[in-house]
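Provided below are the primary sequence and the corresponding predicted coordinates.
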Amino acid sequence: MAAFARVSGSVGLITLQNPPVNALSAAVRQGIVDSVQRALREPEVKCVVICGQNGIFCGGADIREFSGPMSGPPLIPMIHSIEVAAKPVVAAIEGSALGGGLEIALGCHYRIAHSKTRLGLPEVTLGLLPAAGGSQRLPRLIGVPAALDLITTGRHVTAAEALQLGMVDQVTDRNVTDVAVKFALSVVGKPLDARRISMHSCPHSPDLDELFERTMQHVRQRARGAIAPVACVQAVRAAATLPYAQGMEKERELMATLFTSGQARALQYCFFAQRAIGRWSMPSGARWDTSKPRPVHKTAVIGLGTMGRGIAVTLAQAGFPVIAVENHEKQLMAAKQAISGMLERGAKRRGVTPVLNKITYSRDIQSVANADLVIEAVFEDMALKEKVFQQLSAICKPGALLCTNTSGLNIDHLASQVRNPELVVGMHFFAPAHVMKLLEVVYGPRSSSEALATAMAVGKKIGKVSVAVGNCQGFVGNRMLEHYVEQALFLLEEGATPELVDQALEEFGFAMGVFRMSDLSGLDIGWRVRKGKGLAVPDPTTGQTARVQQGRRYSPVADLICEQGRFGQKTGQGWYQYNTPGSRVGKPDPWVHNFLKDYRARHGLVARRIDHQEVLERCLYSMINEGFRILEDGIAAGPEDIDVIYVFGYSWPRHRGGPMFYAHMVGLPKVLERLEHYHQAHPDVPSLQPCNLLRKLVANGSPPIQKWKEVMKKINSRL
Ligand SMILES: CCCCCCCCCCCCCC(=O)CC(=O)SCCNC(=O)CCNC(=O)[C@H](O)C(C)(C)COP(=O)(O)OP(=O)(O)OC[C@H]1O[C@@H](n2cnc3c(N)ncnc32)[C@H](O)[C@@H]1OP(=O)(O)O
Ligand SMILES: NC(=O)C1=CN([C@@H]2O[C@H](COP(=O)(O)OP(=O)(O)OC[C@H]3O[C@@H](n4cnc5c(N)ncnc54)[C@H](O)[C@@H]3O)[C@@H](O)[C@H]2O)C=CC1
């Protein structure tokens, strides 16, 4: 709702009240409409101030309302009635003014912001555009180039930047409502036409056509198939080229297409999924709201290679003192230099001072004795990690959390090496660790809820999107990825080329297809892992790596490529060829095509035509099938956890919501039918065999994704 009060004699104060972010629910909109009418009606009221309760102006439209029938007064006429009011209306903005919240402020005649406020039109991140006049008013207020930037990216600006852009009239450190009330009284009686943004035309900008063309090209490239950024450019173009009323008509038309789109549903699902993962639970019943994290003041990182360096930087940037241990002298020197560089570049980007003194370097593991949390990032070698954990157990103070960044080793086994196994968890960062947002926090059967709560709290503090997952081979992300990669290799055997597979995946929305991505990460990493698993070894009788390993189909194609020393970009050759080692631009490689031809001939395989649809179905549905197995095994608590992992750790296109949401959009019966079809064609590929949970969900009428957990509970309780 919105409350109305008369303050300072003649100021009508309208306060938005809808915790936690004063979202514009139907009740709030009704409250504003009623309050504005009252303010205009009452002769004692000479001016109006609109503010929000509890330190936040307004987080925008109530996103939860978008999935049902809309009721209550619409925003556009409500904002119009504010703008045409004959009494001055001042927005007193603090906390956040986002989306519809900022659009209300743009309808006011004046805007005063607290210095800590953030403002923005983030609708594009929800698959929408600012359709309550925002796309038409903002360019008129701050000019087309700046408005295009804000509307197509959805980025939030600080009050200082907003002032510089002309979005607000004044910034204050004092109580913003008090300042706005005083200000409102000072402008009573002054003419208002010049303050009504819809009556302006856009400020002149040279070369507008060129700007729109360039921006359109840029958003198309960046958006990878997302429709909202394109619609945002079109809406701003309408603001720049049409009178306000026609621009509003265009805004409405574009919004009508976006509002009901699958992409908007996917992006809004992601918004809530990202928040839902914070409400973790463990199979023991322990939960986020009943488990208390331990205090963490000092941290330590062991092993300053690729990952350890990024982890140390992330911890230091979040304000934690870090003891960084590396036992190899040369590596230590290199790490010091690399870490300083990362900290300096990061600080420059953010306009702050680099926190070089937060990190203390050492070659001696004994120096971590006082740390509250230690993250081990030494080589992926169980014997070495066992030793490190035994040392940590002896050295660290009681209660210290011992974490491993292993990407695949058994966390329970590592826990068995220490005195307090309940204090061991995995903190699985993604490379580069100071850039990638995802953190899988892995608990084992012996991890305490306190340990998980602590790692999750630290994850949050260092700005990571942290997802709690159970312990299994590959955890969630890599366990699913294995099936995606496996199908891609099988497709090569059956007639595809790396470029065909990559093109299908890139058109779907991945920034890079599976083969381009492998070339970037280095093919040798996977090769080492496969060898470690006893795969990728030649059959002693034929000398060739067998196409059936451990009782199932296996493709040795990637191993054979590695045997040629082709490790991807770093060697200048992999699935693609590069002009020089380290170059990033890969071209199709005739050598790879000939190699695949020979390989097929050697194994009596006949190449067939493979289309994009098959690539997507085989690669994505096999991975989704594994996602259902992960849910079935209780490794992830819900589909949101899996989807957040994929969006933040594996560049799954956000406008497709994540693999499990995608399955829900495609329809579970279709996913099941296609998996059955492919499994019939490839009975030696177990990952194509539909898993029980998928079958059961379909048998239960394929409920929407929001209901899967309920159905899973029902199914489990019947067992
Ligand atoms: C048939 C065709 C018809 C076509 C025409 C249709 C016409 C429809 C016209 C509609 C025009 C509407 C235009 C419009 O107004 C568009 C919008 O405003 S869209 C919303 C834009 N706003 C945002 O994107 C802001 C989202 N929120 C945030 O960024 C952050 O929450 C915020 C910075 C505000 C605060 O951050 P923080 O303190 O970290 O809190 P949390 O993020 O954890 O949030 C706390 C809690 O609140 C929930 N929440 C936040 N914002 C909203 C919201 N806008 N609506 C609903 N709920 C919101 C959030 O989910 C958390 O709750 P959980 O339970 O934990 O999920
Ligand atoms: N590289 C990647 O993309 C990812 C790696 N991981 C995991 O992170 C861990 C580290 O991987 P990378 O950083 O890639 O390895 P790396 O080989 O780049 O670095 C390991 C570092 O540990 C040091 N080290 C070895 N034994 C030590 C000891 N006893 N004390 C102190 N330092 C010691 C080495 O000298 C080396 O500098 C591995 O478990 C890996 O599986 C996890 C996610 C992604």
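Happy to help now that I have it. Ligands and ions are numbered 1, 2, ... in the order given.

how about the residues of the stretch 351-500 of the chain by ligand 2?
Within the stretch 351-500 of the chain, the positions near ligand 2 by CB under 6 Å from any ligand atom are 377-380, 384, 388, 405-407, 429-431. Where you see a C-beta, it was placed from the backbone N, CA and C, and this is true even at glycine.

can you list the weak-confidence ranges in this protein?
543, 718-719 (pLDDT under 70).

returning to what we had before: give me the buried entries from the residues of the stretch 351-500 of the chain next to ligand 2.
377-378, 380, 388, 405-407, 429-430 (16 or more other CB atoms under 10 Å).

from the residues you listed, which ones fall inside strands?
Phe429 (DSSP state E).

report the two of the buried ones among the residues of the stretch 351-500 of the chain next to ligand 2 separated the most.
Val388 and Phe430 (21.3 Å; CB to CB).

helices along the stretch 251-400 of the chain, start to end?
262-276, 306-317, 329-350, 382-395 (DSSP state H, counting those that start in this stretch).

and among the ones you listed, the most buried is which?
Counting by mean count of other CB atoms under 10 Å, helix 306-317 has the highest mean neighbour count of these, with a mean of 25.

closest residue of the stretch 501-650 of the chain to ligand 1?
Distances between the stretch 501-650 of the chain and ligand 1 by CB to the nearest ligand atom are smallest at Glu640, namely 10.6 Å.

tally of neighbours for that residue?
Glu640 has 27 neighbours, counted by other CB atoms under 10 Å.

check His664 too.
His664, neighbours per other CB under 10 Å, totals 25.

which ones are touching it?
If a contact means CB atoms under 8 Å, 6 or more residues apart in numbering, then His664 has 639, 704-705 as its contacts.

that one - that's part of a strand, no?
No - assignment of His664 by DSSP: H, G, I helix; E, B strand; the rest coil gives helix, placing it outside any strand.

centroid residue for this protein?
Phe648 (4.0 Å; CA atoms, centre = their mean).

in TSV, list the buried ones among the residues of the stretch 351-500 of the chain next to ligand 2 along with distance to ligand 1.
Output for those, formatted as TSV (distance: CB to the nearest ligand atom, whole Å):
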residue	distance to ligand 1
Ala377	29
Val378	35
Glu380	35
Val388	36
Asn405	27
Thr406	30
Ser407	29
Phe429	22
Phe430	22
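
around ligand 2, which positions in this protein sit nearby?
Residues of the chain lying near ligand 2 (CB under 6 Å from any ligand atom): 302-308, 325-328, 331, 377-380, 384, 388, 405-407, 429-431.

how many neighbours does the residue in the chain that ligand 2 sits nearest to have?
The nearest approach of the chain to ligand 2 comes at Gly305, 1.7 Å away (CB to the nearest ligand atom). Look at Gly305: counted by other CB under 10 Å, it has 15 neighbours.

dump the residue contacts of it.
331, 335, 377-379.

and the two most separated of these?
Ala335 and Phe379 (14.4 Å).

wait, the residue of the stretch 501-650 of the chain closest to ligand 1 sits on Arg275?
No - judged on CB atoms under 8 Å, Glu640 makes no contact with Arg275 at a distance of 9.1 Å.

correct me, but Leu119 touches Arg155?
No - here Leu119 does not reach Arg155: they are 10.1 Å apart, not a contact under CB under 8 Å.

neighbour count for those two, which is higher?
More crowded of Leu119 and Arg155, by other CB under 10 Å: Leu119, with 25 against 15.

specify the local secondary structure of the more buried one.
strand.

ok, now which ones touch it?
93, 96-98, 102, 105, 113, 156-157, 159, 162, 167-168.

get me the contact residues on the chain for ligand 1.
Counting by CB under 6 Å from any ligand atom, the chain sits next to ligand 1 at 20-21, 23, 59-64, 75, 96, 98-100, 103, 122-123, 126, 128, 131-132, 255-256, 259-260, 272, 275.

narrow the residues you listed to those in strands?
Short answer: the residues of the chain next to ligand 1 in strands (DSSP E) are 96, 98.

out of the residues of the chain next to ligand 1, which are buried?
21, 23, 59-63, 75, 96, 98-100, 103, 122-123, 126, 128, 131-132, 255, 259.

correct me, but Trp591 touches Gln577?
Yes - between Trp591 and Gln577 there is a contact under CB under 8 Å: 7.1 Å.

what's near enough to touch Gly426?
Counted by CB under 8 Å, 6+ apart, Gly426 has contacts 403-406, 411, 440-443, 471, 475.
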